[in-house]
Every structure is written in C-alpha cells, then in structure tokens.
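*Asks:* Below is the structure, and that's it, no one-letter string:
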C-alpha cells in the first residue's frame, strides 16, 4: 500500500469575477472624471490651495448626479499623501497611496460611511459624537459621510448640532441628500453647501460614448442621445439604461440601435410623431386616431406619445426663434422642424403647446389613458380648424362695420396644411456683445435674470472683461453655481459660448460698491452746492435724505 495518500480536495475551477454594473464600474475616481460639476470642483480646489477648508460640507441635488461620489472624492483629496508618502491635501488625489486605495475600496478605518435611512435615531448620532473625540488612527482627517441625511430624526439632528458647529480639528462631516428642504436650517447654517446640477444631455451622451468605447460596444449616436434624454440629468440612471440597452442588443454584433432603445423605453417613433402632428394640423381626425391606436398596439405608452408631441412643438418653436439646431438630432428631424417653423405662427404653436400639455396631465391621471389621449388629440384637431384670435377679432370688426342687414358670415378658415417643402427660416442676426461689464449686467436685468444680477452686483469683482471671456477675482466668495448659470444665460442671450473663470487677484470693486462711491460723491457735491449751502444757512437743521425714485432730495 502506498503511503503517499492525498487527502486534499480536488482543485476547483476558478470562479469568474462577478459582473459589475456600469453605474458602479464607472463611478468617478477623480474630480476630473466628475462630469457637469465644474463650478463646485473649482471652489473646492481653491479652498484646498488656500487652506480654507470648512468642517462640514452638504451636497444636494437630484439622484445620480454624484453626491456620494463627491463626498468620497473629498475624503480622498483631504487624506491623500501622494505616491511618496509626503503629499498634502490636493484637488488631484493620486489614487495610488494607501489612503486613496483604502477609501476607494471602502475599507479605510478613518472614513466612516453611514446610511441615515437605516440609522435615524439619537443612539446612532451619539456613537458618531463619542467617536469623533478620538484622533484619526492613520489618516490626516477622520471623515464621516452621512448619506440621505434628511432621514435623521429631529432629536438626532439636535444631538448633532453642537458637535457639528465646533467639531475637533481632525474631524470633517460630509452630508449628502436629495431633499435638502427636509434638513433643518440649524444644520444648513453650519455646513458649506454645494448644489450639484443636473448633467446636460449632451455631456451624458459624450460620457456614454466613452463608456461604450471602453466596453467594446457599438452604439448609434441617436441611441445614446435617447438614453441621455431619458436619464433626465442623472448619470447613474443613464448608465443603468445603457446597461439594459447593451443586454437588449442583438448578439450578432449589431450593437445598440436607436430603434431598440425606443422599443425598450416605450418611446414613440419620431417619424410616427411627425406624421401624427401633420394629420392633426390638417384636421384628419380619423387618421390621427388610427395612428395613435397603432402606436398603442406596438406597446407605446399614450403619455409617451403626448410627451413626444410636446417635445416636437417645443423644438419647432425654438427653431422659429432662431435657436441653433441640436446636433444630436437626425438630419430628417432637423429638416422637418425647420419646415414646420416656416409654416406655423407663434399663436398656433403656443395654442398647440397648451392643449397638448393639458392632455398630457389628463392622461397621467386618467383611469383610461388611451381614451384620454384620443380625446386630447381630438381637441387639438378641433383647434386646428379655428381661426387665430387676432384674425377672428378682425372678422368680427368687419362684420360690425358692414351692418346687421348686409353682413354675411365669414367663411370658416381651412385647416392648416402640413408643410411639404418650405425653406428653412432665415437665422436671426447674431446679437451684439455688451460693451462693458456694467452694460452686460443691465442687459441681464432687462432679460429678467434678477437673482443672477443681484449675485453679480454684490459679489462680482471684475478682473478682465473681453467678450466672450470674463475673469472674476477669486478673493471674494461667490455662489458655486453663479459662474455656470452666467455662462448658460449668456450663451442663450448672445448665441456664443462664454468662458468665465476665477483668478487669485484683488479685482475691481463690485458694482454695488462703485455705485455707493458715486452716490456719496453726488451727495457731497449736492451738499456743497450754492443752493443747498444757502438753505443750510437759512435753516440750520436742514438734512439731505433719499427715497425711491430720487437720487437725493432735501
């Protein structure tokens, strides 16, 4: 008998790595990979460079825009020690040192993540308060990341207030929430708040393109544009839809197609939407209802049909006012919208929008959605045969002028015909750039951007104004989203892309400060004028006062 006896188990085949969904696999690991939040990244970078780090940060925004990812990136930035172990806080963490790798893998002992949805009570907060008294074990800062912080109870918030206001120097609090209105004002006042913006459909489509390239998946640009619109500004939602679309795609290498995405999301075909709108405007009720039923039989939600009609009417209106076309749209869609814009007037477009919007709301609440959608389309068909209100007023005026005896009823106007081959509208001339920063602010005021104007007048210290570029001083704090909002408004107002940045130089006085200096000069000149001097001598108790509508009066 052989004494070489193997009691071990037979070798097991290696288990393949578990699949990670795209939303987790492509979670941003650096601030450079965080898309759509440039203003916040710049503010954090400046705070780290100047060593002006707050002790508590609050990230708020809709789902999937990067709140928790931002909190983890801040934890990395504050605790990174660099590849050589000698680095300090930086906006560009290396991702190679032990703190960076441990935080990325969720195993760092000094970075504690807590889900407030499942830890809502005072006892949970008391553990944080007790542990915060002790120094960090191996990191530079002990960091508490509390997700969905609005779920904490009232007593838990109250217990946290004192520690949140005066925490130990080695402790940082990072809060994330989708419902900032539920966070007590006493907590908000103790945090530095960042409102993470929705990510634009264009940026999401570009991001999905890079993801598909990294995954080795072919995808039509129109398909990625549809997914980006369906995501509604959320990168996580978009990646989840993309994951589903890749799984839904054919296995023969065809990739992700726009038709497959429409079918998967229950979206109506764009060509069918254009046909439906044409039938409605021509007054062909039976044909329009038949086409709607055909889309319904294909599995398209009636509410989705009305939403697509609303998007089409909105797009036609934008083309009519001279807005540049969306490059993500197919060529036939852009041509069709140009034809509609040339054939339809603003009153008709506004009427269509109101009728379809009312129908969309009715379908969302209706017990019989398809029947409600049919009734909404019939209202639009009926409205297309009615005259424009201005034309109707002119007809009534003419009838009254002809007299009651000889007046004849005006013939009913013919239904609006769908455009066949109308020329694209002549693009509007490019608006002129404001000559000075003060002129730009006055133009923003005239456009109704009152909140943005107040921010610029109060906090904007101008360094350089060379349209389309504006440089503000970073020495005076500005709201995190002011630069992004200003760039978006100016792009719409001037039809040009603007570059708006901060620079670490003092800058000019704000517009409010400059106005105050001018007012003081006017007041001094008025006070020393001969007329006022004579009045002061005659009436020693004379005072110079101001009231709305007047610069200065006695």
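*Replies:* Arrived safely, thanks for sending. Bear in mind that the values here come from a model prediction, so they are computed numbers and not experimental data.

*Asks:* so who does residue 381 touch?
*Replies:* Counting by Cβ atoms under 8 Å, 6 or more residues apart in numbering, residue 381 makes contact with 280, 283-285, 288. Just so you know, the C-beta spots here come from the backbone N, C-alpha and C atoms, and that holds for glycine as well.

*Asks:* where exactly do the helices run in the stretch 201-350 of the chain?
*Replies:* 201-215, 221-231, 235-248, 258-265, 270-281, 285-297, 302-320, 331-343, 346-365 (DSSP state H, counting those that start in this stretch).

*Asks:* how about the shortest one: buried residues?
*Replies:* Of the residues in helix 258-265, those with enough neighbours to count as buried (16 or more other Cβ atoms under 10 Å) are 258, 260-262, 264-265.

*Asks:* now the helices of the stretch 201-350 of the chain in TSV, with distance to residue 525?
*Replies:* Formatted as TSV, those follow (distance: least, Cβ to Cβ, whole Å):
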stretch	distance to residue 525
helix 201-215	53
helix 221-231	59
helix 235-248	58
helix 258-265	68
helix 270-281	64
helix 285-297	71
helix 302-320	50
helix 331-343	55
helix 346-365	50
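
*Asks:* now these as TSV including mean pLDDT and distance to residue 58?
*Replies:* Putting the helices of the stretch 201-350 of the chain into TSV (pLDDT from 0 to 100; distance: least, Cβ to Cβ, whole Å) gives the following:
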stretch	mean pLDDT	distance to residue 58
helix 201-215	89	24
helix 221-231	85	24
helix 235-248	88	20
helix 258-265	80	34
helix 270-281	84	41
helix 285-297	88	45
helix 302-320	89	33
helix 331-343	81	41
helix 346-365	89	33
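
*Asks:* Nearest to residue 484, out of the ones you listed?
*Replies:* Smallest distance to residue 484 across the helices of the stretch 201-350 of the chain (Cβ to Cβ): 12.1 Å, for helix 201-215.

*Asks:* Identify each buried residue in stretch 231-241, please.
*Replies:* Buried residues in stretch 231-241, counted by 16+ other Cβ under 10 Å: 231, 233-241.

*Asks:* got the contact list for that stretch?
*Replies:* 21-23, 26, 35-36, 62-66, 197-201, 204, 207-208, 211, 227-228, 230, 265.

*Asks:* And that stretch, how far out from the chain middle?
*Replies:* Relative to its parent chain, stretch 231-241 has a centroid offset of 13 Å by Cα atoms, centre = their mean, to the nearest Å.

*Asks:* go on, stretch 308-326?
*Replies:* Put simply, stretch 308-326 sits 19 Å off its chain's centre (Cα atoms, centre = their mean).

*Asks:* Remind me which helix or strand residue 176 belongs to.
*Replies:* For residue 176, the element it lies in under DSSP states H and E is strand 171-177.

*Asks:* pretty sure residue 256 is touching residue 215, no?
*Replies:* No. If you go by Cβ atoms under 8 Å, residue 256 and residue 215 don't touch, sitting 10.5 Å apart.

*Asks:* By mean pLDDT, which helix or strand of this structure comes out lowest?
*Replies:* helix 389-402 (a mean of 64; mean pLDDT, DSSP states H and E).

*Asks:* quick revisit: for residue 256 and residue 215, indicate the residue with more neighbours.
*Replies:* residue 256 (25 against 14; other Cβ atoms under 10 Å).

*Asks:* Now for residue 256 and residue 215: what residues contact both?
*Replies:* Common neighbours of residue 256 and residue 215 (Cβ under 8 Å, 6+ apart) are residue 246.

*Asks:* Where does the most centrally placed residue in the chain sit: helix, strand or coil?
*Replies:* In the chain, the centroid-proximal residue (Cα atoms, centre = their mean) is residue 198; its distance is 3.1 Å. Here residue 198 is recorded as coil under DSSP: H, G, I helix; E, B strand; the rest coil.

*Asks:* Sketch out the low-pLDDT regions of this structure for me.
*Replies:* Residue ranges of the chain with pLDDT under 70: 1-17, 250-254, 266-269, 327-330, 384-396, 399-431, 476-480, 538-539, 542, 544-554.

*Asks:* same thing but at 50, please
*Replies:* 1-8, 405-407, 409-410, 413-414, 417-418, 420-425, 547-554 (pLDDT under 50).

*Asks:* Could I get the full set of strands for it?
*Replies:* 56-60, 111-115, 142-147, 171-177, 192-195, 462-466, 469-473, 499-503 (DSSP state E).

*Asks:* circling back to that earlier point, nearest spatial neighbour of the residue nearest to the centre of the chain, chain-adjacent residues omitted?
*Replies:* Ranked by Cβ to Cβ, 6 or more residues apart in numbering and with sequence neighbours excluded, the top spatial neighbour of residue 198 is residue 233, at 2.7 Å.

*Asks:* With residue 255 instead?
*Replies:* Residue 255 sits nearest to residue 218 (Cβ to Cβ, 6+ apart), 3.0 Å away.

*Asks:* want to throw the buried residues of stretch 231-241 into a markdown table with distance to residue 175?
*Replies:* Shown next, in a markdown table, are the buried residues of stretch 231-241 (distance: Cβ to Cβ, whole Å):
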| residue | distance to residue 175 |
| --- | --- |
| 231 | 25 |
| 233 | 21 |
| 234 | 20 |
| 235 | 20 |
| 236 | 19 |
| 237 | 22 |
| 238 | 25 |
| 239 | 24 |
| 240 | 25 |
| 241 | 28 |
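
*Asks:* In those, find the pair that's most separated.
*Replies:* Farthest pair in the buried residues of stretch 231-241, by Cβ to Cβ: 233 and 240, 13.8 Å.
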